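> A predicted structure for the sequence below; I have some questions about it.
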Amino acid sequence: MRKLIIASVMALLPMLSMAAGGGVHLEKANVDIADQASLQRGAKTFVNYCLSCHSAQYQRYNRMGADLGLTDAQVKENLMLAGDKVGDTMTIAMSSADAKKWFGNPPPDLSVTARSRGADWLYTYFTTFYADDSRPFGVNNAVFKDVGMPHVLVDLEGGLKKAITQDDGHGNMVVTGYEPPISAEYEQVARDLTNFLVYVGEPIQLKRQQMGWKVLLFLAVFFVLAYLMKKEFWRDVH
């Protein structure tokens with residue numbers, strides 16, 4: 001029992017550390033992977049703004065197209081770079097050596113980022129970039145302190161925000177708001193991109209959930225039949 005308790009605590013530690021989020025409040029992403037329009041917009045944003053540096057190497061273009069309600073022709077026209085094949089995975093041309101030289105470390109693959117970080121963390125990350133002249137790219141992030149990448153969605157956001165800070169009572173300056181506030185349009189961009197990455201993290205999850213309800217319904221019906229059969233078999237037993 002003691003070993004079981006220790007193992008459970010150790011398994012929960014990563015989730016507890018992510019939930020803490022460095023003390024930053026995580027905004028609710030409110031994503032819906034059944035919303036194909038949102039997934040299509042998120043996929044387009046990912047391909048146009050993220051895929052040049054970040055791969056999603058466990059996701060194939062044609063599988064994505066089928067799940068998002070797109071034909072192969074639509075995927076090729078709207079979500080693929082010239083030279084790629086529709087059956088290819090979503091990799092990048094930049095080599096690890098070049099990435100390390102330019103960024104210090106290769107940008108991570110984003111295939112399972114939503115599963116490791118969580119949708120709320122991703123959404124908050126996309127919406128909390130702010131200007132910071134002390135950083136190499138001139139930006140910082142509330143949930144990823146000293147982030148090592150530029151704010152690639154800055155044009156969609158309408159420019160960099162200025163962070164509003166205050167002392168937390170312990171000599172630390174914490175971000176309490178942004179100026180100007182985030183627009184509803186950019187909130188939708190961040191939500192769509194988060195939704196797409198949640199889908200990429202487990203493309204089968206919608207079918208898995210649907211199958212789960214069918215299994216529960218089967219078990220409920222089977223339980224009733226098994227109970228009635230048990231009563232019939234034990235009717236004459238005293």
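Looks like it arrived, so ask away.

> by average pLDDT, which secondary structure element in the protein comes out worst?
The weakest-scoring helix or strand in the chain, judged by mean pLDDT, DSSP states H and E, is helix 2-20 (a mean of 42).

> what's the first helix or strand after that one?
Sequence order places helix 36-45 as the next helix or strand after helix 2-20, per DSSP states H and E.

> what are the buried residues along that next one?
Residues of helix 36-45 classed as buried by neighbour count (16 or more other Cβ atoms under 10 Å): 38-43, 45. Yep, even glycine has a C-beta here, placed from its N, CA and C like the rest.

> burial count for the nearest residue in space to Y199 that is not next to it in sequence?
Closest residue to Y199 apart from its sequence neighbours, by Cβ to Cβ, 6 or more residues apart in numbering: I33 at 5.0 Å. Here the count is done by other Cβ atoms under 10 Å, and I33 has 19 residues near it.

> R135 in helix, strand or coil?
Following DSSP: H, G, I helix; E, B strand; the rest coil, we place R135 in the coil state.

> give me every residue that touches it.
146-147 (Cβ atoms under 8 Å, 6 or more residues apart in numbering).

> next, count neighbours for Y186.
Counted with other Cβ under 10 Å, Y186 comes out at 16.

> buried set for the longest helix belonging to the chain?
Longest helix in the chain by number of residues (criterion: DSSP state H): helix 205-233. Across helix 205-233, burial judged by 16+ other Cβ under 10 Å covers no residue at all.

> start and end of stretch 166-177, how far apart?
10 Å (Cα to Cα, to the nearest Å).

> how's the protein carved up into domains?
2-203, 204-238 (automatic domain parsing).

> just put the buried residues of helix 36-45 in JSON lines and tack on pLDDT and distance to K28.
Converted to JSON lines, the buried residues of helix 36-45 look like this (pLDDT from 0 to 100; distance: Cβ to Cβ, whole Å):
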{"residue": "S38", "pLDDT": "97", "distance to K28": "15"}
{"residue": "L39", "pLDDT": "96", "distance to K28": "18"}
{"residue": "Q40", "pLDDT": "96", "distance to K28": "22"}
{"residue": "R41", "pLDDT": "96", "distance to K28": "19"}
{"residue": "G42", "pLDDT": "97", "distance to K28": "17"}
{"residue": "A43", "pLDDT": "96", "distance to K28": "22"}
{"residue": "T45", "pLDDT": "96", "distance to K28": "20"}
